[in-house]
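A.B. asks: Sequence and computational prediction follow.
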Amino acid sequence: MSIILLDIGNVLVTVDFMRCCRAVAIDLYAGPEEISLKYCAGELKEKLETGWIGPLEYLAMIARDPQVKAVPLHVIKQYWQDIFEPLEGAVEAVRFLREMHSLWIMSDTDPLHFTFLLNNYPLLRSAERYYLSFEHGRMKSSVEAFSHVLGSGRSADEFILIDDKAVNGASASTAGIRTILFQSWSDTLESLVSWS
């Protein structure tokens, strides 16, 4: 029995930040793209996801942006959180994985997204442990994130990372953890079966 380190975004749920950006932008032509570049990728977002910026402070920065509509903070919070949809096959795949493996969630995320996901996607509650970037201050693109997981007392060969980003897989591999680059659940499950 292996321990599956399971990513969330684009593995269990789809992620569409542009949904939030379109909802808050004043200028519907260029605004959503510019808002996305500022707040939905890059260094600023990484600071949110590693706990260096608090979620309310982050939402307040978005609210103060001159390209963002004047709406209450709780409305921006709703838009920020409502960017997910279930990924086809994820529920069935998690059910199948739990029959043969331990499931640990490992995600680069912020407290607002994780709380929303936990409340709205019950399949996330089936995990035995959670390794979240905002709690331990490391993104999965760093080997240190996986060293942190190995601090659980388990050896690297007990783990398999399922993640949609090659850079995260490279960091896991450097730490000695096997990796499946997620493209679809059928391919992923086929890879797991071939390793058994």
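C.D. replies: Structure's in. What do you need?
A.B. asks: Wait, residue 163 touches residue 179, no?
C.D. replies: Yes - under the criterion of CB atoms under 8 Å, residue 163 makes contact with residue 179 at 6.8 Å. Backbone N, C-alpha and C define where each C-beta goes, glycine included.
A.B. asks: any common contacting residues for the two?
C.D. replies: Common contact partners of residue 163 and residue 179 (CB atoms under 8 Å, 6 or more residues apart in numbering): 169, 172.
A.B. asks: ok, these two, which is more surrounded?
C.D. replies: Comparing residue 163 with residue 179 by neighbour count (other CB atoms under 10 Å), the higher total belongs to residue 163, at 25 against 20.
A.B. asks: Can you tell me the closest non-neighbouring residue to that one?
C.D. replies: Spatially, and ignoring its direct neighbours in sequence, residue 163 is nearest to residue 7 (4.2 Å; CB to CB, 6 or more residues apart in numbering).
A.B. asks: what does residue 56 give?
C.D. replies: Computed as CB to CB, 6+ apart, the closest residue to residue 56 that is not its neighbour in sequence is residue 73, at 7.5 Å.
A.B. asks: ok, now which ones touch residue 49?
C.D. replies: 108-110, 133-134, 139.
A.B. asks: Over to residue 2?
C.D. replies: Per CB under 8 Å, 6+ apart, neighbours of residue 2: 101-102, 158-160.
A.B. asks: Using a markdown table, lay out these together with distance to residue 114.
C.D. replies: Formatted as a markdown table, the contacts of residue 2 follow (distance: CB to CB, whole Å):
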| residue | distance to residue 114 |
| --- | --- |
| 101 | 22 |
| 102 | 20 |
| 158 | 25 |
| 159 | 21 |
| 160 | 22 |
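A.B. asks: Okay, and which of those residues map to strands?
C.D. replies: Using DSSP state E, the subset of these located in strands is 102, 159-160.
A.B. asks: now that we have the residues you listed, which one has the most neighbours?
C.D. replies: Counting neighbours by other CB under 10 Å, residue 159 leads the ones in strands among the contacts of residue 2 with 24 neighbours.
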